[in-house]
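A.B. asks: 3D model of this:
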Amino acid sequence: MNTKLHSSSDPREALLADFHRLWAEADDLWERLRDTAPFHSYVSADYAALYDSLRSLQGQAMTFLEWGSGLGIATIMASRMGFEAYGIEAEAQLHEYSEEFARTYGPKARFVQGSFIPDDFEWNPADGDDVYRTILDTPAAYDELDMELRDFDLVFAFPWPDEHTLYRNIMRQLGAPDALLLTYDSRDGFKLLRGGEE
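C.D. replies: As a prediction, this is how the structure comes out:
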């Protein structure tokens, strides 16, 4: 991952060229390692569509947090697009890869290892707070960031199909009232919520 970054007189064209290289390297890494343990729960988003979504949110948010940041692609993109960007990932090896990608493509992006579920989240299965595949055996990572969930204007997440309600409830309880939650689903694409509400 020592790729030379693209240079162009058109900043947007240069940025997209760097992103295409980043996406290709991330896809190549996944193809090579998809059967190894760290990647068993890894799924990538539609990066080009995410770029369009982030472009539409420029000026509406400043602080960006990616829940379950995986290889860190979304966080790096957000950082390069002017957001103060952070990613939280529970899987140690994926966290290491994200930092490696960031050194080349987005050195201002910051990553921490741990859980994105705040310690003070009040679980209520009756409200749909069910976990199917999200890792829970790591401590929350917010202390390492020296921030709280309510400090972020925009949270991006790729929930497992049965965990959308849990993610919305976390934002309702502990996110800022006007914070945006951008979620991706491979079937339904991107959805934007404010304060965890439709």
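A.B. asks: every contact and neighbour count from this point should use C-alpha atoms.
C.D. replies: Will do.
A.B. asks: so where's this structure uncertain?
C.D. replies: Residues of the chain meeting the criterion pLDDT under 70: 1-9, 126, 128-137, 196-198.
A.B. asks: just the element for the most centrally placed residue in it, please.
C.D. replies: For the chain, the residue nearest the mean C-alpha position is E66 (2.6 Å; C-alpha atoms, centre = their mean). If you go by DSSP states H and E, E66 is part of strand 63-67.
A.B. asks: biggest helix in the protein, by residue count?
C.D. replies: Using DSSP state H to define each element, the chain has its longest helix at helix 11-33.
A.B. asks: how about that one: buried residues?
C.D. replies: 15, 17-19, 21-23, 26, 30 (16 or more other C-alpha atoms under 10 Å).
A.B. asks: repeat for stretch 98-117
C.D. replies: 98-102, 104-106, 108-117.
A.B. asks: output that stretch as PDB, restricted to C-alpha atoms.
C.D. replies: Taking Å, rounded to 0.1, in the frame of the first residue of the first chain, the C-alpha atoms of stretch 98-117 are listed here in PDB:
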ATOM      1  CA  SER A  98      -7.600   0.500   8.000                       C
ATOM      2  CA  GLU A  99      -4.700   2.300   9.500                       C
ATOM      3  CA  GLU A 100      -2.400   1.000   6.800                       C
ATOM      4  CA  PHE A 101      -4.800   2.300   4.100                       C
ATOM      5  CA  ALA A 102      -5.100   5.600   5.900                       C
ATOM      6  CA  ARG A 103      -1.300   6.200   5.800                       C
ATOM      7  CA  THR A 104      -1.500   6.200   2.000                       C
ATOM      8  CA  TYR A 105      -4.900   7.600   1.200                       C
ATOM      9  CA  GLY A 106      -6.200   9.600   4.200                       C
ATOM     10  CA  PRO A 107      -3.700  10.300   7.000                       C
ATOM     11  CA  LYS A 108      -6.100  12.600   8.800                       C
ATOM     12  CA  ALA A 109      -8.600   9.700   9.300                       C
ATOM     13  CA  ARG A 110      -8.500   8.300  12.800                       C
ATOM     14  CA  PHE A 111      -9.300   4.700  13.800                       C
ATOM     15  CA  VAL A 112      -9.800   3.000  17.100                       C
ATOM     16  CA  GLN A 113     -10.400  -0.600  18.000                       C
ATOM     17  CA  GLY A 114     -13.500  -1.500  20.100                       C
ATOM     18  CA  SER A 115     -17.200  -1.500  20.100                       C
ATOM     19  CA  PHE A 116     -19.300   1.300  18.600                       C
ATOM     20  CA  ILE A 117     -22.100   0.600  21.200                       C
END
